[in-house]
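Next comes the sequence, and after it the predicted model I'd like to discuss.
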Amino acid sequence: MSPRPSENGTEGDDEREEGEEEDTEDETNNNEEEEDEEEDEPRLKYQRMGGTVPTLLSSDAASCVAVAERMIALGTHAGSVHILDFLGNQRIKEFRAHTAAVNDLCFDLDGEFIGSCSDDGSVVIISLFTDEKLKFEYHRPMKAIALDPDYSRKASRRFVAGGLAGNLYFNVKKWLGYRDQVLHSGEGPIHAVKWRTSLIAWANDAGVKVYDAANDQRVTFIERPRGSPRPELLLPHLVWQDDALLVIGWGTAIKIASIKTNQARGVNGSYRQITTSNMNQVDIVASFQTSYFISGVAPFGDSLVVLAYIPGEEDGEKEFSSSVPSRQGNAQRPEVHVVTWNNDELATDALPVLGFEHYKAKDYSLAHVPFTGSSYAGGQWAAGDEPLYYVVSPKDVVIAKPRDAEDHINWLLQHGWHEKALAAVEAGQGRSELLDEVGSRYLDHLIVERKYAEAASLCPKVLRGSAAAWERWVFHFAHLRQLPVLVPYIPTENPVLRDTAYEVALVALATIPSSHKDLLTAVKSWPPAIYSALPVIAAIEPQLNTSSMSDELKEALAVLYEIDGQYDKAFALYADLMKPDIFEFIEKNNLHDAVREKVVQLMQIDHKRAVSLLIQYRDIITPAEVVSQLLASKKQCDSRYFLYEYLHSLFEVNPHAGRDFHDMQVELYAEYDKKMLLPFLRSSQHYMLEKAYEVCVNKNLLSEQVFILGRMGNTKQALAVIIDKQGDIEEAVEFVSMQHDDDLWEELIRQCINKPEMVGVLLEHTVGNLDPLYIVNIVPNGLEIPRLRDRLVKIITDYRTETSLRHGCNDILKADIVNLLVKYYKEARRAIYLSNEEQESRSNMNSEGSNPMERAPVLKSMDAKSKTRAGGRCCICFDPLSIQGASMIVFFCCHAYHLHCLTDSTNNITTKKGTGVTSSNSYANGDYIEDEDDENDQDTPSGGSRMRCVLCTTAAGG
């Protein structure tokens with residue numbers, strides 16, 4: 001049983017309310033259970049048969065009904081048989097078959113023949129599609145008839161009928177005509193008979209008997225329920241649920257018998273025998289009593305449909321004492337009960353039958369459509385296989401049929417269970433078009449209940465891909481001022497809405513402070529192409545610098561600026577929000593000019609990346625701008641540390657770029673990185689020494705004080721700092737050595753002479769700078785110097801080592817001088833051949849190539865030509881060297897000769913060697929001509945003459 005919804009119509013609230021009311025009084029719980037029972041969903045739905053039926057029954061009264069697969073037959077008290085369609089809209093045929101009330105009707109299996117019996121004692125069988133009509137007279141009222149299911153297929157034309165005479169006639173067509181056989185008699189009137197396959201079941205005053213026509217033997221006997229009213233007052237009802245199950249409704253009892261026989265149906269419609277150990281078996285598989293009288297029974301899947309007659313409170317058995325009602329207008333409405341085989345009530349419906357107040361139990365009858373192919377699984381029939389039930393009263397016919405999925409959904413909606421109705425539609429129950437209707441009604445219900453968030457979450461499921469529906473609900477939520485709850489569910493693709501819908505949603509979020517976070521999420525996640533950012537920007541900008549301007553709204557505005565291409569404004573907001581990814585944003589959009597005003601914010605976000613950026617673009621953002629902004633932000637951040645980082649990095653890249661701030665940098669190094677101060681002092685020339693010294697004094701930085709004092713020229717004061725404050729004599733010695741000042745040495749000795757330990761250290765480090773004996777001589781007598789002996793030994797050893805090094809250096813120096821003189825002598829003995837013929841020079845240069853090393857002697861010789869000792873004259877003939885057509889020889893001693901003069905002179909002074917004198921034409925312009933004694937020189941040209949300066953050679957010989 002489904003739980004009832006709470007007053008607000010949501011299942012979640014039901015659970016909460018149930019949890020809160022777990023400890024309520026038992027009486028309240030019982031009342032709730034009763035209400036739940038009242039709200040059980042019916043299993044059947046009803047409609048009054050219309051069409052021609054009301055007109056027909058206005059002048060006559062219905063007495064019985066039979067149903068085939070394609071039509072129904074309605075018998076009347078006037079003796080007519082009317083063939084109608086299922087809904088009674090069309091009267092197919094009408095037969096005036098009897099002169100008295102029709103008591104029973106029966107179709108064959110194919111629906112081609114219909115049999116009827118009447119109080120006039122006749123049985124009529126009529127073909128519905130031919131003119132064939134048979135009438136049998138039995139002269140006593142006939143109450144029941146059943147045609148062979150295969151009546152139209154077999155020539156035997158069998159049927160059974162019975163009535164008040166108490167005989168059950170079995171009529172068969174023989175060679176000589178129709179012949180009646182009495183199957184049973186002697187136990188009172190035959191009240192009902194039903195034929196299924198070869199089994200015939202009938203009811204008389206004693207009970208129910210079953211006969212097997214195929215074997216021509218009785219199968220079983222089921223006794224009449226004890227205490228049941230007389231059959232003529234409350235008729236028994238028989239119905240075959242299938243080939244083996246017989247349902248019996250009699251009085252207030254229902255029995256279901258399972259019958260097994262030794263025959264089965266053949267493929268051609270005949271019956272074939274099956275050999276079994278038990279010829280026939282009958283089991284009562286279900287039996288129960290009801291609280292009402294049974295006016296009809298029919299199968300309902302795995303359950304039963306029972307037409308119930310509710311007796312009056314004071315009628316009791318009197319109601320059945322005569323065929324006339326004992327109290328007029330006292331009867332209650334007939335009811336249709338759907339029950340299980342265990343008599344569990346599944347549904348109960350009271351029928352508003354016309355004139356029910358005047359009817360008795362036997363005035364009603366129930367018939368159902370015997371669909372052979374009906375399928376029932378999980379409480380639902382297959383499409384088109386749903387059974388139909390006809391409840392017949394004298395003046396009314398009501399059609400009942402199982403409720404379908406749409407009926408179920410409508411019932412849920414009527415009772416406020418919208419969520420269950422929507423779930424049923426989504427499960428595939430009912431037409432797909434119902435989803436829009438059910439969803440819309442559910443949304444309307446939630447809106448009425450002011451459950452806006454729940455309605456918004458339902459929209460994707462209900463609206464799906466309908467852009468028009470989405471837009472309609474967006475504007476509806478906007479009208480209700482509830483758009484923030486809908487925005488997370490608005491689709492951005494499949495479907496894509498009009499840009500106006502998205503803009504309205506974003507503007508709504510922007511105007512509600514509590515929805516700014518949702519706005520930020522939306523602008524980040526929604527594709528920019530589906531809306532225009534300008535309307536949203538226009539809605540947010542008036543809120544700038546107001547109390548409603550939250551960080552989320554500011555970031556959303558920055559994103560909208562970025563979407564709209566206003567990168568400078570977006571950068572300014574990102575910087576104020578301290579977004580870590582702002583550096584990527586700067587590089588991506590080339591916003592280096594915009595950085596000028598946001599130095600402090602960038603430093604606060606990531607000072608290392610900010611410093612790198614500022615250093616890289618220092619031409620755009622000058623150091624003066626950076627420093628001024630950082631100095632102005634002392635209250636916002638640790639600006640001095642940022643200054644240190646920036647100036648330090650700037651100094652490493654370009655030592656002169658921040659020279660205007662080196663005084664400040666001295667203070668920053670002294671505060672944040674003392675190790676870097678001394679290298680900075682040594683590297684920079686742009687700070688004030690006095691101010692730097694004051695900083696070092698305040699920070700007690702001794703090494704830095706010494707350096708600054710040394711640069712200021714106060715070497716003695718610097719030396720005093722080293723000795724008095726640092727006490728490091730080795731550093732003092734090193735400092736004095738670098739100054740190259742003898743007076744400073746005297747000052748060092750003076751300050752150390754009375755300190756034994758310093759005197760010892762001074763002795764160890766003065767070798768090479770001062771004479772150790774000088775120090776030893778001025779040491780006061782009686783001064784005890786620690787480790788004096790070892791130190792003196794070391795001094796002597798160092799002195800010897802120094803002396804040995806000096807001797808070695810002198811020997812090396814002398815050898816180098818000799819070698820250089822020899823080399824110079826050899827170079828001085830070389831000569832260069834020069835020619836005054838321009839063409840010869842050019843041809844030689846072209847043949848020699850363009851190597852500058854080969855042209856160099858020519859250039860040098862041209863310079864030497866003007867600097868010869870003879871003043872430009874040959875040293876032999878004293879004629880000018882520039883005689884046209886004359887070649888010359890110039891030596892490195894600056895003596896110059898005409899080639900022919902030198903050749904003649906050389907021949908006179910020396911003896912020919914080798915191949916003799918080479919003519920002047922064998923020399924190329926610029927060739928070196930070397931002394932013949934220079935055998936180790938490898939640079940002499942092949943075949944060149946070996947000459948010497950006549951004047952120098954003579955002088956050397958002299």
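Ah, there it is.

right, and Cys696 touches Arg711 too?
No. Contact criterion CB atoms under 8 Å: Cys696 and Arg711 do not qualify, at 11.9 Å. Quick note: C-beta positions are derived from backbone N, CA and C, even for glycine.

and these two? which has more neighbours close in?
More crowded of Cys696 and Arg711, by other CB atoms under 10 Å: Cys696, with 24 against 16.

The residue nearest to that one when sequence neighbours are not counted sits in which helix or strand?
Among residues not flanking Cys696 along the chain, Glu704 sits closest, at 4.3 Å (CB to CB, 6 or more residues apart in numbering). Using DSSP states H and E, Glu704 sits within helix 702-712.

Ser116 now?
With DSSP H and E as the test, Ser116 turns up in strand 113-118.

Tell me which residues are up against that strand.
Residues from elsewhere that reach strand 113-118 (CB atoms under 8 Å, 6 or more residues apart in numbering): 66, 73, 75, 79, 81, 83, 95, 97-108, 123-128, 132, 141-147, 151-152, 159, 161, 163.

For Thr492, see how far away the residue most central in space within the chain is.
Central residue of the chain (CA atoms, centre = their mean): Ser525, 11.4 Å from the mean position. Distance, Ser525 to Thr492, using CB to CB, to the nearest Å: 8 Å.

With Ile310 instead?
According to CB to CB, Ile310 and Thr492 sit 62 Å apart.

same thing with Ile832?
92 Å.

what do you get for Asp85?
Look at Asp85 and Thr492: by CB to CB, they are 54 Å apart.

Ok, Ala308 next?
59 Å.

Leu245 now?
From Leu245 to Thr492 the distance is 60 Å (CB to CB).

residue contacts, the residue nearest to Cys696?
670, 677-678, 681, 692, 696.

top of those by neighbour count?
Ala692 (28 neighbours).

Can you verify that residue is assigned to a strand?
No. Per DSSP: H, G, I helix; E, B strand; the rest coil, Ala692 lies outside any strand segment and is helix.

Can you tell me, leaving aside adjacent residues, what's nearest to it?
Val666 is the one closest to Ala692 (CB to CB, 6+ apart), at 4.7 Å.

Just give me the neighbour total for that neighbour.
As a measure of burial, Val666 has 25 neighbours, counting by other CB under 10 Å.

so where's the stretch 601-750 of the chain uncertain?
727-730, 734, 737, 740-743, 746, 748 (pLDDT under 70).

If you count contacts, what does the helix or strand hosting the residue nearest to Ala692 end up packed against?
Following DSSP H and E, the helix or strand that holds Val666 is helix 662-672. Judged by 3 or more CB pairs under 8 Å, 6 or more residues apart in numbering; DSSP states H and E, helix 662-672 is in contact with helix 639-653, helix 677-683, helix 689-698.

Show me which helix runs longest in the protein.
Using DSSP state H, we find that the single longest helix of the chain is helix 788-828.

C-terminal to it, what's the next element?
Helix 788-828 is succeeded, C-terminally, by strand 831-834 (DSSP H and E).

That following strand: how far from the chain's middle?
91 Å (CA atoms, centre = their mean, to the nearest Å).

That strand pairs with which strands, parallel or anti?
Sheet pairing of strand 831-834 (DSSP bridges) gives strand 888-891 (antiparallel), strand 928-929 (antiparallel).

ok, and what's touching whatever helix or strand comes next after the longest one?
The first helix or strand that comes after strand 888-891 along the chain, using DSSP H and E, is strand 896-898. By CB under 8 Å, 6+ apart, the list of residues contacting strand 896-898 from outside reads 864-865, 868, 870, 872-877, 879, 881, 883, 886-890, 905, 950.

ditto for stretch 146-162
Contact with stretch 146-162 is made by 106-110, 112-113, 115, 117, 123, 125, 134, 136, 138, 142-145, 168-173, 178, 183, 189-190, 193-197, 200, 202, 204, 213, 269, as judged by CB under 8 Å, 6+ apart.

Just checking, which helix or strand of the protein averages the lowest pLDDT?
Lowest by mean pLDDT, DSSP states H and E among the helices and strands of the chain is helix 11-20, with a mean of 37.

If I look at the residue lying closest to Ala400 once chain neighbours are set aside, what pLDDT would I see?
Nearest non-adjacent residue to Ala400, counting by CB to CB, 6+ apart: Tyr389, 4.0 Å away. If you check Tyr389, the pLDDT there is 90.

What count of nearby residues applies to Tyr389?
Applying other CB under 10 Å, we find 22 residues neighbouring Tyr389.

Okay, now the unreliable bits of the stretch 51-200 of the chain?
In the stretch 51-200 of the chain, no residues with pLDDT under 70.

ok, which stretches of it are strands?
Secondary structure of the stretch 51-200 of the chain (DSSP state E, counting those that start in this stretch): strands at 62-67, 72-76, 80-84, 91-96, 102-107, 113-118, 122-127, 133-137, 142-147, 159-163, 168-174, 177-184, 192-196, 199-203.

which strands and helices sit next to the last one?
Under the contact definition 3+ CB pairs under 8 Å, 6+ apart, strand 199-203 sits against strand 159-163, strand 192-196, strand 207-212, strand 237-240, strand 245-250.

mind checking how far the first one is from the chain centre?
On the basis of CA atoms, centre = their mean, strand 159-163 is displaced by 76 Å from the centre of the chain it belongs to.

and the angle from that strand to strand 207-212?
If you take axes from the mean of the first three to the mean of the last three CA atoms, to 10 degrees, strand 159-163 sits at 160 degrees to strand 207-212.

Between strand 102-107 and strand 159-163, find me the angle.
Using the same axes, to 10 degrees: strand 159-163 against strand 102-107 is 170 degrees.

With respect to burial, which of the helices and strands packed on strand 199-203 scores highest?
Mean neighbour count (mean count of other CB atoms under 10 Å) peaks for strand 159-163 among the helices and strands packed on strand 199-203, with a mean of 28.

Direction included, what does it pair up with?
For strand 159-163, using DSSP bridges, the partner strands are strand 142-147 (antiparallel), strand 168-174 (antiparallel).

how about these, which one is nearest Ser633?
strand 142-147 (107.7 Å; CB to CB).

So what's the model's average confidence on stretch 533-548?
Per-residue pLDDT values over stretch 533-548 give a mean of 87.

ok now it, how far from the chain's centre?
Put simply, stretch 533-548 sits 31 Å off its chain's centre (CA atoms, centre = their mean).

and the end-to-end length of stretch 125-132?
Taking CA to CA, to the nearest Å as the measure, stretch 125-132 stretches 8 Å from start to finish.

tell me which residues in that stretch are buried?
125-126, 128 (16 or more other CB atoms under 10 Å).

Pipe the helices and strands packed on strand 199-203 into CSV and attach distance to Leu792 per row.
Below are the helices and strands packed on strand 199-203 laid out as CSV (distance: least, CB to CB, whole Å):
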stretch, distance to Leu792
strand 159-163, 155
strand 192-196, 143
strand 207-212, 147
strand 237-240, 142
strand 245-250, 136
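
Compare the ones you listed and report which one is nearest to Ala468.
strand 237-240 (53.1 Å).

How about Asp349, nearest residue that isn't a chain neighbour?
Closest to Asp349 by CB to CB, 6+ apart is Val336, at 4.9 Å.

and the one you found, what element?
Val336 belongs to strand 335-339, assigned by DSSP H and E.

likewise Ile222?
Element membership for Ile222 (DSSP H and E) is strand 217-223.

any idea of the angle that strand forms with strand 177-184?
Using the same axes, to 10 degrees: strand 217-223 against strand 177-184 is 40 degrees.

Output the contacting helices and strands for strand 217-223.
The contact analysis (3+ CB pairs under 8 Å, 6+ apart) places strand 217-223 against strand 207-212, strand 253-260, strand 281-289.

Deepest in the core, which of the ones you listed is it.
The most buried one of these (mean count of other CB under 10 Å) is strand 207-212, showing a mean of 21.
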